[in-house]
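A.B. asks: Fold the following for me, if possible:
(chains A and B)
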Amino acid sequence: GQNIDQPTEMTATEGAIVQINCTYQTSGFNGLFWYQQHAGEAPTFLSYNVLDGLEEKGRFSSFLSRSKGYSYLLLKELQMKDSASYLCAVRENTGNQFYFGTGTSLTVIP
Amino acid sequence: ETGVTQTPRHLVMGMTNKKSLKCEQHLGHNAMYWYKQSAKKPLELMFVYNFKEQTENNSVPSRFSPECPNSSHLFLHLHTLQPEDSALYLCASSPGGQGTEAFFGQGTRLTVV
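C.D. replies: Take a look at the predicted model:
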């Protein structure tokens, strides 16, 4: 099974840094994914972790600790366009399934 | 543009109607998925197809019936739906290998009246 938890809402200031946490429980872990979803649009892929540690991609970084069932997404130099929902997803190795958390709605304010 | 196309984008149907949602990808992906997205709820995995074979049915009511005639097309047939089935239905595909992400279509906004 999967229990994926994220904060429901966050607010941060333009130019600042924000960290969105995700905890999970799964029976067959095969990777953790972060997606961004703007209102009315499809989720788009941001980052992927399968080994412990930090993956950096420009202004976005994602961290994974498999022993703790914990990940975070770090967004730096926030821009207004970063206002969106950020979805944490766990992939299971039993059948290619992706399971999602509720998403964190991030609002960036001037 | 992710390469996954869903039609229609919007659908309003009565509870006695029968309709179908269509998803198409020409990315060469081997896995295809249907998700339901309702307000304030996680994306709910409904069905998974790997190499055209259904490998997951996540306790979905029988009024939703998937069909995968080939690796590029996925349908969701709908009949006698309920108002609580109103949601955004998202299709996704993935290559299926290690570390490969899922690519989502734009979704079909379904309203059951």
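
A.B. asks: Which stretches in chain A count as strands?
C.D. replies: A:2-5, A:9-13, A:18-26, A:29-37, A:44-49, A:53-57, A:60-65, A:70-75, A:84-92, A:98-100, A:104-109 (DSSP state E).

A.B. asks: Dump those to CSV, plus distance to chain B, mean pLDDT and mean neighbour count.
C.D. replies: No exception for glycine: its C-beta is placed from N, CA and C like everyone else's. Written out in CSV, the entries for the strands of chain A read as follows (distance: least, CB to the nearest CB, whole Å; pLDDT from 0 to 100; neighbours: other CB atoms under 10 Å in any protein chain shown):
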stretch, distance to chain B, mean pLDDT, mean neighbour count
strand A:2-5, 7, 87, 17
strand A:9-13, 11, 97, 13
strand A:18-26, 12, 95, 18
strand A:29-37, 6, 94, 21
strand A:44-49, 4, 94, 18
strand A:53-57, 11, 94, 12
strand A:60-65, 12, 97, 19
strand A:70-75, 14, 98, 20
strand A:84-92, 7, 94, 23
strand A:98-100, 4, 91, 22
strand A:104-109, 10, 97, 17
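
A.B. asks: Can you list the low-confidence ranges for chain B?
C.D. replies: Of all residues in chain B, those with pLDDT under 70 make up the ranges B:98-99.

A.B. asks: And the residue nearest the centre of chain B?
C.D. replies: B:W34 (2.9 Å; CA atoms, centre = their mean).

A.B. asks: Now for residue 61: which residues touch it?
C.D. replies: As the question left the chain open, I've gone with chain A. The contact partners of A:S61, taken as CB atoms under 8 Å, 6 or more residues apart in numbering or on different chains, are A:47, A:54-55, A:73-74, A:76.

A.B. asks: Wait, chain B was what I had in mind.
C.D. replies: Here B:P61 is in contact with no residues (criterion: CB under 8 Å, 6+ apart).

A.B. asks: Of all the strands of chain A, which one is nearest B:L74?
C.D. replies: The closest of the strands of chain A to B:L74 is strand A:98-100. By CB to CB, the value is 15.1 Å.
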